[in-house]
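Q: sequence plus predicted model, see below.
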Amino acid sequence: MSDESVSPLDTRLFPDLAERGGLGPAWRDAARRAGADLDEISWPDGFFRLNSASIPVEGGRIDLETVRDQRLFFMHISVGSHPWLWGGSDDLEQLARAAAIWRDGSTIRAMIAAFPFLETSRFVQARENGQVAIWCEGGGYEVSTSWRGAVRPAATPAEAVRLAVEEMPS
């Protein structure tokens with residue numbers, strides 16, 4: 001049995017992260033080089049500080065992680081607990097600019113135009129266009145749209161999302 005510790009970070013692929021003490025400090029340095037102020041970047045203590053970092057944003061968070069077996073960083077932007085944007089890039093400065101622009105109030109459409117590596121869902125695009133909104137009020141879920149009658153009531157949030165997307169006008 002080897003005495004080598006198992007690391008979540010391949011230092012051959014991410015020598016810059018190993019040198020800076022993890023993804024969070026490396027992302028913060030890349031943000032400064034890109035002219036983006038991301039001093040609010042945080043990262044976990046211990047083992048996973050090497051490959052994960054996050055930024056709190058209004059109503060959600062931006063998470064960044066390394067991808068195993070390749071030089072790639074995966075960004076996940078969520079509002080509440082729902083994913084809104086996601087995608088991967090090997091450029092930390094580009095990811096820092098994307099995080100700063102989202103934090104400062106960008107739209108989904110503008111983010112995808114500026115950062116083609118990002119993806120979203122039809123539901124999120126419809127939500128941004130004002131076509132559908134799901135929220136919890138008094139323990140229930142409701143869909144509010146200009147086409148209210150087209151959407152059946154749902155028993156769970158997941159079902160509400162599925163129904164809203166399936167029944168959304170093309």
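A: Alright, I've got the coordinates. Computed from a predicted structure; not experimentally measured. Residues are numbered from 1 along each chain as shown.
Q: the host helix or strand of Ala98 - what's its average pLDDT?
A: Element membership of Ala98 [criterion: DSSP states H and E] is helix 92-103. On average, the pLDDT along helix 92-103 is 96.
Q: which strands or helices does it pack on?
A: Helix 92-103 makes packing contacts with helix 23-33, strand 52-57, strand 60-66, strand 73-79, helix 108-114 when contacts are defined by 3 or more C-beta pairs under 8 Å, 6 or more residues apart in numbering; DSSP states H and E. Quick note: C-beta positions are derived from backbone N, CA and C, even for glycine.
Q: look up how far Ala26 lies from the residue nearest to Glu40 when sequence neighbours are not counted.
A: Leaving aside its sequence neighbours, Glu40 sits nearest to Ile55 (C-beta to C-beta, 6 or more residues apart in numbering; 5.6 Å). Distance, Ile55 to Ala26, by C-beta to C-beta, to the nearest Å: 14 Å.
Q: what's the answer for Gly105, then?
A: For Gly105, the distance to Ala26 - C-beta to C-beta - is 26 Å.
Q: those two - which one has more neighbours?
A: Ala26 (23 against 9; other C-beta atoms under 10 Å).
Q: residue ranges with poor pLDDT in the chain?
A: 1-8, 130-170 (pLDDT under 70).
Q: please parse it into its domains.
A: 1-120, 121-170 (automatic domain parsing).
Q: ok so, going back, relative orientation of the helix holding Ala98 and helix 23-33 in degrees?
A: 80 degrees (axes from the mean of the first three to the mean of the last three C-alpha atoms, to 10 degrees).
Q: which outside residues touch helix 92-103?
A: Helix 92-103 has contacts (C-beta atoms under 8 Å, 6 or more residues apart in numbering) with 26-27, 30-31, 33-34, 36-38, 55, 57-58, 62, 64, 73, 75, 77, 85, 89, 110-111, 114-115, 117-118.
Q: narrow those to those that are buried.
A: 26-27, 30-31, 34, 36, 38, 55, 57, 62, 64, 73, 75, 77, 85, 89, 111, 115, 117-118 (16 or more other C-beta atoms under 10 Å).
Q: Phe117: what's its closest spatial neighbour, skipping adjacent residues?
A: Gly87 (4.3 Å).
Q: which among the helices and strands packed on helix 92-103 is found nearest to Arg12?
A: strand 60-66 (12.3 Å; C-beta to C-beta).
Q: tell me the strands beside that closest one, with direction?
A: With DSSP bridges as the test, strand 60-66 is paired with strand 52-57 (antiparallel), strand 73-79 (antiparallel).
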